[in-house]
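[1] Have a look at this prediction, sequence included:
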Amino acid sequence: MTPLAENGETVLVLAPTGRDSSLITEMLQRETIPCHICAGVDGLAERLGESAGLALLAEEALIGVSLAPMLRALDKQPAWSDFPLLFLTTTGSRPTETSMDLLKLLGDEANVTILERPIRMATLLSSVRSAHRARRRQYQVRDYLARLKQKDEELLQTQKLESLGVLAGGVAHDFNNLLTGIMGNASLAIECLPREARHLRTVLEDVVSASERAAHLTRQLLAYAGKGRFIIERIDLSEIVRAITHLIQSSIPKNACLRLELADDLDAVEADATQLQQIVMNLVINAAEAIPADRSGEVVVTTRNEELGAGRPGQAFAAGEAGPGRYVVLEVRDNGQGMDDATRARIFDPFFTTKFTGRGLGLAAVLGIVRSHKAALEVQSAPGAGSTFRVLFPAVSAAVTGDVGRGAGDGAAARRDAATILIIDDEETVRRAAKATLDHYGYETILATDGKQGVEIFTAMPDRISLVLLDLTMPGIGGEEVLRRLKAIRPHVRVILSSGFNEMEVIERFNGAGLAGFLQKPYAAGTLAARLRSVLAPGRIGPS
């Protein structure tokens with residue numbers, strides 16, 4: 001007796017123990033066809049799902065026995081399976097009662113081939129090989145359906161992520177407009193307060209602080225949507241992790257021990273330092289919170305270079321793809337409680353969380369940042385076995401440039417009494433906040449409620465307007481078309497584009513369009529004034 005084959009071609013032989021089963025098995029094995037002798041119907045039923053290609057049944061083996069186990073096993077076959085049965089009748093010119101009962105039980109749809117005895121060797125081999133060919137085609141259909149299902153699931157996941165990304169980006173855009181009004185007005189009120197109004201100053205500072213925290217939430221939504229603010233430079237990923245180690249330590253529960261395994265000879269990656277810090281922070285915090293509070297655990301952060309070859313087996317990534325080439329790998333693993341398949345399928349959905357507290361945006365932001373950096377992300381986890389998150393960034397050979405940290409700009413701005421600013425924004429709160437700020441700093445302002453009105457105002461007085469503060473996303477005529485029309489009227493007009501989307505995306509989109517600057521929403525009064533001061537440099541006040 002040979003072991004069961006792994007290719008779905010084993011012939012299950014059910015014949016009276018003794019000469020019949022031995023002879024049939026010997027004949028088939030001489031032709032290198034794997035066989036397995038079944039002791040009875042129950043044994044046959046057990047083997048139907050284990051690499052079996054067909055069943056060869058002798059009529060006398062079924063006399064007086066219940067066929068229910070075999071029929072139940074056949075009913076449990078998957079939809080693609082049409083399991084072949086070869087039925088050897090007893091000698092005689094008319095079908096026996098056993099044969100007729102079997103055919104009735106199996107029904108007209110059963111894949112049954114009847115072979116009358118005495119049977120020639122060539123006939124038996126031909127029938128077995130024909131059944132094998134049909135069975136192989138069934139397996140091909142199974143594999144095709146599995147690939148089709150996988151592609152459908154991948155397409156559905158991609159569409160879901162894109163839809164959620166559009167939704168997140170839209171919510172963040174509208175929220176940023178509201179925050180611009182809140183933050184701008186509150187910060188301007190602080191600047192206008194007399195020194196003795198300390199209590200009111202504290203209240204307004206709390207408003208600004210809350211606005212900044214809300215702005216952080218919108219940045220996470222924009223990161224998920226792939227529209228976060230990026231400043232791309234060549235970066236050492238190990239240095240990124242080292243720079244925020246103290247912050248990480250203070251952000252995770254006390255029962256989680258953080259261990260770093262950082263490579264010193266790491267290749268550079270082209271990325272935004274702040275966004276990479278957010279990936280590291282979110283992954284580490286997520287890993288630490290996966291460790292149950294009633295025991296201690298470990299979170300290990302590893303960086304290394306990794307070469308992926310062309311022969312590497314296909315890997316399903318949670319985001320992005322990693323073809324052959326050299327990568328810088330960030331790995332965060334924990335020995336926490338792990339995740340089942342259902343949880344793992346939803347961990348990147350915005351606002352999904354398994355924790356009592358939290359907003360469910362951390363991993364969603366990680367996913368968006370990974371996609372925006374053309375990196376790949378894979379997740380391995382099982383209940384009770386912890387989780388491992390691996391992010392693969394394409395490596396670059398050039399040296400690292402710039403520092404990890406960035407200093408904040410000076411918010412103070414001098415008054416520019418001679419300049420006239422045209423503010424084009426469809427959000428009334430933004431227009432009013434910007435006007436109040438610029439009036440405070442001595443600018444003259446003109447307001448336009450949309451792109452069409454902005455172009456009409458500029459057309460009527462092109463030589464009077466010193467600078468245009470232009471919103472990117474507006475109904476009707478959008479910021480891009482407004483900019484084109486303004487440049488057609490006066491090619492050297494200075495335009496600052498304002499948006500909640502990331503600066504790098506805007507700069508790339510408007511490359512060569514002659515933008516004077518970019519202002520990220522939401523912004524405080526001092527930030528707006530400082531940006532205008534940098535554009536309206538000394539000696540350039542008034543129309544250009």
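    Yep, that arrived.
[2] all helices for the stretch 301-450 of the chain, in order.
    341-344, 362-372, 428-440 (DSSP state H, counting those that start in this stretch).
[3] Give me the contact list for the longest one.
    Counting contacts by Cβ atoms under 8 Å, 6 or more residues apart in numbering, the residues outside helix 428-440 that touch it are 177-178, 180-182, 184-185, 188, 191-192, 421, 423, 425, 445, 447, 449, 469, 471, 498, 521, 525, 528-529, 532. C-beta here means a position set from N, CA and C on the backbone, and glycine is covered the same way.
[4] what comes up buried for it?
    Residues of helix 428-440 classed as buried by neighbour count (16 or more other Cβ atoms under 10 Å): 429-438.
[5] Closest to Leu283 out of those residues?
    Lowest distance from Leu283 to the buried residues of helix 428-440 (Cβ to Cβ) belongs to Val430, with 34.7 Å.
[6] Tell me how many other residues surround the closest residue to that closest one other than its chain neighbours.
    Among residues not flanking Val430 along the chain, Thr180 sits closest, at 4.9 Å (Cβ to Cβ, 6 or more residues apart in numbering). By the measure other Cβ atoms under 10 Å, the count of residues near Thr180 is 29.
[7] what's the domain layout of the chain?
    The chain resolves into domains spanning 10-119, 155-224, 233-396, 420-535 when parsed by automatic domain parsing.
[8] Turn those domains into a markdown table, including mean pLDDT.
    Listed next are these as a markdown table, based on pLDDT from 0 to 100:
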| stretch | mean pLDDT |
| --- | --- |
| domain 10-119 | 81 |
| domain 155-224 | 78 |
| domain 233-396 | 82 |
| domain 420-535 | 88 |
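[9] hey, where'd the strands end up in the stretch 401-544 of the chain?
    420-424, 444-448, 467-471, 494-499, 517-520 (DSSP state E, counting those that start in this stretch).
[10] Show me the one of the domains of the chain that comes nearest Tyr139.
    Of all the domains of the chain, it is domain 10-119 that lies closest to Tyr139, at 8.2 Å by Cβ to Cβ.
[11] Longest helix in the protein, please.
    Using DSSP state H to define each element, the chain has its longest helix at helix 121-192.
[12] okay, the angle between the helix or strand that that one is followed by and helix 121-192?
    Next along the chain after helix 121-192, taking DSSP states H and E as the criterion, comes helix 198-224. If you take axes from the mean of the first three to the mean of the last three Cα atoms, to 10 degrees, helix 198-224 sits at 160 degrees to helix 121-192.
[13] Helix or strand for Leu102, just tell me which one.
    helix 97-106.
[14] buried ones in the following helix or strand past that helix?
    For helix 97-106, the following helix or strand on the C-terminal side (DSSP H and E) is strand 111-115. Under the neighbour-count criterion of 16+ other Cβ under 10 Å, strand 111-115 has Asn111 buried.
[15] what does strand 111-115 contact?
    Contact with strand 111-115 is made by 82-89, 99, 103, 106, 123-124, 127, 131, 134, as judged by Cβ under 8 Å, 6+ apart.
[16] on that earlier part again, what would the buried residues of helix 428-440 look like in TSV with distance to Cys35?
    Shown next, in TSV, are the buried residues of helix 428-440 (distance: Cβ to Cβ, whole Å):
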residue	distance to Cys35
Thr429	80
Val430	79
Arg431	84
Arg432	86
Ala433	83
Ala434	84
Lys435	89
Ala436	89
Thr437	87
Leu438	90
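[17] Looking at those residues, which one is closest to Met27?
    Closest approach between the buried residues of helix 428-440 and Met27, by Cβ to Cβ: Val430, at 86.7 Å.
[18] Please report how far that closest one lies from Ile190.
    19 Å (Cβ to Cβ, to the nearest Å).
[19] Equivalent analysis for Ala45, please.
    Separation of Ala45 from Ile190 (Cβ to Cβ) stands at 81 Å.
[20] ok, now Ile446?
    26 Å.
[21] Tell me which of those two has more neighbours.
    The residue with more neighbours, out of Ile446 and Ile190, is Ile190; 20 against 17, by other Cβ under 10 Å.
[22] surely the more buried one meets Ser209?
    No. Contact criterion Cβ atoms under 8 Å: Ile190 and Ser209 do not qualify, at 11.3 Å.
[23] Arg344 - nearest residue in space that isn't next to it in sequence?
    Ser381 (5.7 Å).
[24] Quick check: that neighbour touching Gly336?
    No. Ser381 is beyond contact range of Gly336, at 9.2 Å (criterion: Cβ under 8 Å).
[25] Nearest residue to Cys192 in space, please, no chain neighbours.
    Nearest-residue entry for Cys192: His440, 6.8 Å, with adjacent residues in sequence omitted and distances by Cβ to Cβ, 6+ apart.
[26] quick one: the one you found from Glu191, how far?
    7 Å.
[27] now swap in Arg432 and tell me
    Per Cβ to Cβ, Arg432 is found 16 Å from Glu191.
[28] Now do the same contact list for Ser387.
    Neighbour list for Ser387: 287, 290, 333-334, 336, 338-339, 379-381 [criterion: Cβ under 8 Å, 6+ apart].
[29] Please, a ChimeraX command that selects the buried ones among those residues?
    A single ChimeraX command selects the buried members of the contacts of Ser387 (16+ other Cβ under 10 Å):
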select :287,290,333,334,336,338,339,379,381
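[30] What is the nearest of the contacts of Ser387 to Arg304?
    Arg333 (12.9 Å).
[31] For beta bridges, what are the partners of that closest one?
    Val300, Thr388 (DSSP bridges).
[32] so who does it touch?
    Going by Cβ under 8 Å, 6+ apart, Arg333 touches 287, 299-300, 302, 386-389.
[33] Tabulate these (a markdown table), appending distance to Ala58.
    Shown next, in a markdown table, are the contacts of Arg333 (distance: Cβ to Cβ, whole Å):
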| residue | distance to Ala58 |
| --- | --- |
| Ala287 | 61 |
| Val299 | 63 |
| Val300 | 61 |
| Thr302 | 61 |
| Gly386 | 54 |
| Ser387 | 54 |
| Thr388 | 54 |
| Phe389 | 57 |
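[34] from these, which would you call buried?
    287, 299-300, 302, 386-389.
[35] mind listing the strands for the stretch 251-400 of the chain?
    256-262, 268-272, 297-308, 325-334, 376-381, 387-396.
[36] among those, which is nearest Val141?
    strand 376-381 (30.0 Å).
[37] Report all helices and strands that the closest one contacts.
    helix 362-372, strand 387-396 (3 or more Cβ pairs under 8 Å, 6 or more residues apart in numbering; DSSP states H and E).
[38] Out of these, which is closest to Asn511?
    helix 362-372 (17.8 Å).
[39] what's the distance between the closest one and the middle of its chain?
    Chain-centre distance of helix 362-372: 7 Å, with Cα atoms, centre = their mean, to the nearest Å.
[40] Kindly format the C-alpha coordinates of that helix as CSV.
    Listed in CSV are the C-alpha atoms of helix 362-372, where the atom choice follows Å, rounded to 0.1, in the frame of the first residue of the first chain:
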residue,chain,number,x,y,z
GLY,A,362,-3.1,55.5,14.8
LEU,A,363,-2.8,52.5,12.5
ALA,A,364,-5.0,54.2,9.9
ALA,A,365,-2.5,57.1,9.8
VAL,A,366,0.4,54.6,9.5
LEU,A,367,-1.3,53.0,6.4
GLY,A,368,-1.8,56.3,4.7
ILE,A,369,1.9,57.4,5.4
VAL,A,370,3.2,54.1,4.1
ARG,A,371,1.2,54.4,0.9
SER,A,372,2.3,58.0,0.4
